[in-house]
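> Quick check, what structure comes out for this input:
(2 chains)
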Amino acid sequence: MATKGIVSGVIANMVTLKVDGPVAQNEICFIETGGDRLMSEVIKVVGENVYVQVFESTRGLKVGAPAEFAGHMLEVTLGPGMLSHNYDGLQNDLDKMTGVFLKRGEYTYPLDNDRLWHFEPIVKAGDKVISSTWLGKVEENFQPLKIMAPFSLKGEYTVKSIVAEGDYRVIDTVAVLVGPEGDEIQVNMIQKWPVKVAMTNYKEKPRPFKLLETGVRSIDTLNPIVEGGTGFIPGPFGTGKTVLQHAISKQAEADIVIIAACGERANEVVEIFTEFPELDDPHTGRKLMERTIIIANTSNMPVAAREASVYTAMTLAEYYRSMGLRVLLMADSTSRWAQALREMSNRMEELPGPDAFPMDISSIIANFYGRAGFVYLNNGEPGSITFIGTVSPAGGNLKEPVTENTKKVARCFYALEQERADRKRYPAINPIDSYSKYIEYPEFDEYISEHINSEWLPKVNELKTRLLRGKEISEQINILGDDGVPVDYHVTFWKAELIDFIVLQQDAFDAIDAVTPLERQESIVNKVIEICRSEFSFDGFLEVIEFFKKVINLMKQMNYCEFKSDKYNGFEAELENMLAERRTVK
Amino acid sequence: MTTKAFQKIYTKISQITKATCSLKATGVGYDELAMIDGRLAQVVKIDGDEVTLQVFQGTGGIPTNAEVVFMGKAPSLKVSDQLAGRFFNAYGDPIDGGPEVDGIEVEIGGPSVNPVRRKQPSELIATGIAGIDLNNTLVSGQKIPFFADPDQPFNQVMATVAMRAKADKIILGGMGMTNDDYLYFKNVFSNAGALDRIISFMNTTEDPAVERLLIPDMSLTAAEYFAVQKNEKVLVLLSDMTSYADALAIVSNRMDQIPSKDSMPGSLYSDLAKIYEKAVQFPSGGSITIIAVTTLSGGDITHAVPDNTGYITEGQLFLRKDSDVGKVVVDPFRSLSRLKQLVNGKKTRKDHPQVMNAAVRLYSDASNAKTKVENGFDLTDYDERALAFSKDYANQLLAIDVNLDTTEMLDVAWGLFAKYFRPEEVNIKAELVEQFWPKD
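Okay, the predicted model is just below:
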């Protein structure tokens, strides 16, 4: 029998209950008030007092209100039919909700039980299966989805029967499995999984090594992220976090994109709703929305559900990874999630850590990032979750607990910088402070040598060195004046500017410049490096400035043109002539 | 508000702090209103049979045997068309001597709009001020604050914007506003003959600070009535949100909460977001646009209030005194309207985005030239021209006393380009230069 409770105290969304039976930490509980059932989650137990955080407004809640425990943790319902849907942080389907305003206590089912799916079996009767074995497949929005043996399965089972190819609903039984004890399990297309528990239904989790193409040059070229990699983007407001995140989610070469809008502006989510159904996936030509799921818990939605939203998103990602798909998960912003934890820790009167965040914030962040990764499933197939989170540091100061703790676990760091943003150098990723640890992986080096060429990484390192040198020289010029330094210094500085303008800066609102395929990035880098390695003769620094401004202008025009088009070739020829005139030594 | 018959009256207060009272009571709902000794209070904590009330006017003079009556409802406002043209205090009671408003009683601070029921904002709000319309265009359904030091004329600019914006209703929420500024607003509205479109909820510096906490929710509840029920375009002015945050800090301090950055409560982001996110464009045509003021201390935007605000709002407008022209200008570098690209060049002339960027770029070249002068370096001919341009640009476009329509602003900008620069120096697409560069 379900445990019952009675409300004995309320402070904002933290409610104390007196209970009559056993409860589990993180168990879900429903509190009845004025005809609404409010969902909540156990966060602390002290004797017969149970503290729960309510995922809704507690307005009007009275002492004595009855509550009932659900017997399970916060879980999501997984199955075909989730792609291109908009969910809230608790996986309620937002489109199914009635009314303009979100109604308290309204929970909507995330799947469609009536829709028919064309199921093709993969296993046959007599086959041995374990948890997550692929039993069959269905197609959704042209994505091959797998129907798997229950995640909760323990030990080896045998397929007793499986349905023939045909159309079935998610609630129809498609297979019957028999356990070692002769116990039978009916399997349909629906799975449930508690969001705060990591899915470990894979064979091994090697270090990731495959480049994940995003089309953003300052990422792919300078600080690449890999399939199954982790990265984070900290930046003060107004530096372009959201534009960069949207660019990555539009362009990245992934099968499934999950966007968790966690405590951010509702209009940004509306932008995705409005634009993604119109935009094409650059890799498949299909509409972007078809591969996208949005988890929207905007800043005005209840705080406790904000914390749940990132876990919900991660669990959905793990579900698709178990099918051997490449998932990209974006969370904007993880700072809001940490703030939600802080609000609750504060109400529970826990001793605070730095900046009043809970003491265990570092392990919470580390465990979450740890759920991403590249895996080989039990059948040997690869699957991946690439996770990129944004961080909104208070006052733009990177020495705050969320940024620091994220830095310890995320392998790519894309530091958005106020100064670059003020100078309209977008994306405002600081090329010197940012890094990708994957560049140092020998596995990655090997992959790049095989798929691009072995010259690539040395060239990328050369770009970085030149950028650093350029920065040092610009400081000297600022102190000594244009006349106070040798002409050579100006040349070195402008070579760094060339890299900045042509490789780093990219116009996210220009149809062509917004996405640069890898092949084209290689061509840009080769050209820029060639110019950087050339020697030119100049008479005075004014000539240097004039020359490089022209070079930059021409190469920028090339970036705006269709690759290898007549216009592009025209600009290139003009560029070559100009270079040849000035070049002294090849 | 009066007590009704058969309500239970409590007379034993067990604890009194500067802002809260606690007593034993049963059957009380969270967020419920109560009347203590004739003062309004709200339930902020229930622990068993002990209830803690936040007293909006402060607890000075409340005796332990004061009469406490619970009202069985959260703070609410009666909404109807009768709200138009009226002035209220923080509780929604008229302060203009007029009659009580009749209407449907709605609890304030209601639920959020379902994100999938929103529409992407796309309607331009013209203010005539080029620092806004040209560089940082406002869009209906947007939320944007002025970041300004207390000595800057933000209330005047806000009043100007309100009068020129073609809003069906203007709702003024004053928090810790000086009485002089309140009268200024009243004056501007009545001179413009706009009083019938104005609704005002006012907490002046003379009123208790904690009462301010009700102002934004009162204002936005009224706004939602007109935007949702009447499909009207509503403009909400909130001045000043820093005073609101200060009141939050007072209450959280009295409730022994652990403060986070700058002694602000840890929930500051959520508290502010709940207000600003009420800005919305509905598919039916109704909209709520919020223009707020966040006063800064010495221009410091890293303080918790402007910092959290910046992450919530869709941009910010900075006012600055330009010493070259002796006028207050809208700072083109630090100001930003995140929604401007939804209308620029789409609802305005096609050269708008490029002209805007080119002018700001040239203005920034001028500021580099200024640094050179300060450091004692020689100026090039280009530097001299950029400096001259920047003066004209500040005077004719950035200053807040400008009143032009967007097309005129663009023409002025082209005129300045041609006066000081050659076409290849302004970095604008060739086809636009051909069409718009002044020919003479």
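> Tell me how chain A divides into domains.
In the domain annotation for chain A, the residue ranges read A:4-73, A:117-189, A:202-448, A:456-585 (automatic domain parsing).
> Tell me how far the longest one lies from the chain's centre.
For domain A:202-448, the distance between its averaged C-alpha position and the chain's averaged C-alpha position is 3 Å (CA atoms, centre = their mean, to the nearest Å).
> That one close to chain B?
Yes - under the criterion of CB under 8 Å from any CB of the partner chain, chain B is reached by domain A:202-448 at A:236-238, A:263, A:265-267, A:269-271, A:273-274, A:296, A:298-301, A:303, A:336, A:339-340, A:342-343, A:346, A:352, A:355-356, A:392, A:394-397, A:422-424. Backbone N, C-alpha and C define where each C-beta goes, glycine included.
> Which entries within those residues meet the buried criterion?
A:236-238, A:263, A:265-267, A:269-271, A:273, A:296, A:298-301, A:303, A:336, A:339-340, A:342-343, A:346, A:352, A:356, A:392, A:394-396 (16 or more other CB atoms under 10 Å in any protein chain shown).
> Of all the domains of chain A, which one comes closest to B:F377?
domain A:456-585 (4.8 Å; CB to CB).
> Can you give me the pLDDT of the closest residue to chain B within the stretch 401-550 of chain A?
Nearest residue of the stretch 401-550 of chain A to chain B, counting by CB to the nearest CB: A:G481, 4.8 Å away. Here the pLDDT value assigned to A:G481 is 83.
> Just to check, it is in contact with B:T371?
No - contact criterion CB atoms under 8 Å: A:G481 and B:T371 do not qualify, at 11.5 Å.
> between those two, which one's more packed in?
Taking other CB atoms under 10 Å in any protein chain shown, A:G481 and B:T371 do not tie; A:G481 has more neighbours (14 against 10).
> measure the more buried one to A:F541 for me?
10 Å (CB to CB, to the nearest Å).
> what does A:V216 give?
Distance from A:V216 to A:F541, counting by CB to CB: 33 Å.
> cool, B:L33 as well?
72 Å.
> And A:L279, by the same measure?
Taking CB to CB, one finds A:L279 at 45 Å from A:F541.
> thinking again about what came up before, okay, A:V216 and A:F541: which has more neighbours?
Between A:V216 and A:F541, A:V216 has the larger neighbour count (other CB under 10 Å), namely 25 against 20.
> list the contacts for the more buried one?
Contact analysis of A:V216 by CB atoms under 8 Å, 6 or more residues apart in numbering or on different chains lists A:L244, A:A247, A:I248, A:Q251, A:P427, A:Q506, A:T516.
> Can you name the residues bridging to B:M202?
Legend: beta-bridge partners of B:M202 under DSSP bridges are B:G174.
> Could you tell me the model confidence score at it?
pLDDT, B:M202: 95.
> Repeat that for A:L288.
Note for A:L288: predicted pLDDT of 91.
> Against A:F237, how distant is it?
Plainly put, A:L288 is 26 Å away from A:F237 if you go by CB to CB.
> which bits of the stretch 251-400 of chain B sit near chain A?
Counting by CB under 8 Å from any CB, the stretch 251-400 of chain B sits next to chain A at B:257-261, B:266-267, B:269-270, B:273-274, B:277-278, B:280, B:282, B:301-304, B:307-308, B:310-312, B:314-316, B:333, B:336, B:339, B:341, B:357, B:361, B:364, B:375, B:377-378.
> Off-centre distance for stretch A:15-29?
The chain centroid and the centroid of stretch A:15-29 are separated by 33 Å under CA atoms, centre = their mean.
> who's in contact with it?
Contacts of stretch A:15-29 (CB under 8 Å, 6+ apart): A:1, A:3-10, A:31, A:39-43, A:45, A:48-54, A:58, A:61, A:67-75, A:194, A:196, B:47.
> buried residues in the helix ranked longest in chain B?
When chain B is parsed with DSSP state H, its longest helix is helix B:352-374. If you call a residue buried by 16+ other CB under 10 Å, then helix B:352-374 has these buried ones: B:352-356, B:358-366, B:369-370, B:372.
> Give me the phi and psi angles of A:A149.
phi -60, psi 150 (degrees, to the nearest 10).
> Mind pulling up the pLDDT for it?
For A:A149, pLDDT reads 97.
> repeat for B:I250
For B:I250, the model assigns a pLDDT of 87.
> quick one: contacts for it?
B:A19, B:A209, B:V210.
> and stretch B:96-103, which residues are buried?
By neighbour count on 16+ other CB under 10 Å, the buried set for stretch B:96-103 is B:V101.
> could I have that stretch exported to CSV, CA atoms only?
What follows is stretch B:96-103, C-alpha atoms only, in CSV (Å, rounded to 0.1, in the frame of the first residue of the first chain):
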residue,chain,number,x,y,z
ASP,B,96,-7.0,59.5,-6.6
GLY,B,97,-10.1,60.0,-4.6
GLY,B,98,-12.2,58.0,-7.1
PRO,B,99,-14.5,55.1,-6.4
GLU,B,100,-13.5,51.5,-5.8
VAL,B,101,-13.0,49.5,-9.0
ASP,B,102,-15.6,46.9,-9.8
GLY,B,103,-14.5,43.8,-11.6
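> Could you count how many residues lie near residue 175?
Because you didn't say which chain, this covers chain A. 24.
> could you do chain B instead?
31.
> For chain A, tell me whether the helix or strand where B:V51 lies is touching it.
Secondary structure from DSSP states H and E places B:V51 in strand B:50-55. No - using CB under 8 Å from any CB, strand B:50-55 stays clear of chain A, with a minimum separation of 8.7 Å.
> just checking, what packs against that strand?
Judged by 3 or more CB pairs under 8 Å, 6 or more residues apart in numbering or on different chains; DSSP states H and E, strand B:50-55 is in contact with strand B:20-24, strand B:33-36, strand B:39-47.
> out of the ones you listed, which comes closest to chain A?
strand B:39-47 (4.3 Å).
> Starting from that closest one, tell me which strands it pairs with and how they run.
Strand B:39-47 has these strand partners (DSSP bridges): strand A:4-11 (antiparallel), strand B:33-36 (antiparallel), strand B:50-55 (antiparallel).
> could you give the angle of that strand to strand B:20-24?
Orientation of strand B:39-47 against strand B:20-24 (axes from the mean of the first three to the mean of the last three CA atoms, to 10 degrees) gives an angle of 60 degrees.
> could you dump strand B:39-47 to CSV, C-alpha only?
Below are the C-alpha coordinates for strand B:39-47, written out as CSV (Å, rounded to 0.1, in the frame of the first residue of the first chain):
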residue,chain,number,x,y,z
ARG,B,39,-2.2,46.4,8.6
LEU,B,40,-2.0,44.1,5.7
ALA,B,41,0.3,41.0,6.0
GLN,B,42,1.1,37.9,4.1
VAL,B,43,1.8,34.3,5.2
VAL,B,44,5.5,33.5,4.4
LYS,B,45,6.0,30.4,6.5
ILE,B,46,3.9,27.7,8.1
ASP,B,47,5.4,25.3,10.6
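> how about low-confidence regions in chain A?
Residues of chain A meeting the criterion pLDDT under 70: A:585-586.
> Quick check: closest non-adjacent residue to B:M163.
Leaving aside its chain neighbours, B:M163 sits nearest to B:A192 (5.1 Å; criterion: CB to CB, 6 or more residues apart in numbering or on different chains).
> actually B:A25, sorry about that
Nearest to B:A25 is B:V51, by CB to CB, 6+ apart, at 4.8 Å.
> Most widely separated two among the contacts of A:V216?
It's A:L244 and A:T516 that sit farthest apart of the contacts of A:V216, by CB to CB, at 14.4 Å.
> Can you tell me which of the contacts of stretch A:15-29 are buried?
Buried, going by 16+ other CB under 10 Å: A:3, A:5, A:7-10, A:31, A:39-43, A:45, A:50-54, A:58, A:61, A:67, A:69-70, A:73-75, A:194, A:196, out of the contacts of stretch A:15-29.
> What's the per-residue pLDDT of the residue most central in space within chain B here?
In chain B, the C-alpha nearest the mean C-alpha coordinate belongs to B:A292, at 1.1 Å (CA atoms, centre = their mean). As predicted, B:A292 sits at a pLDDT of 97.
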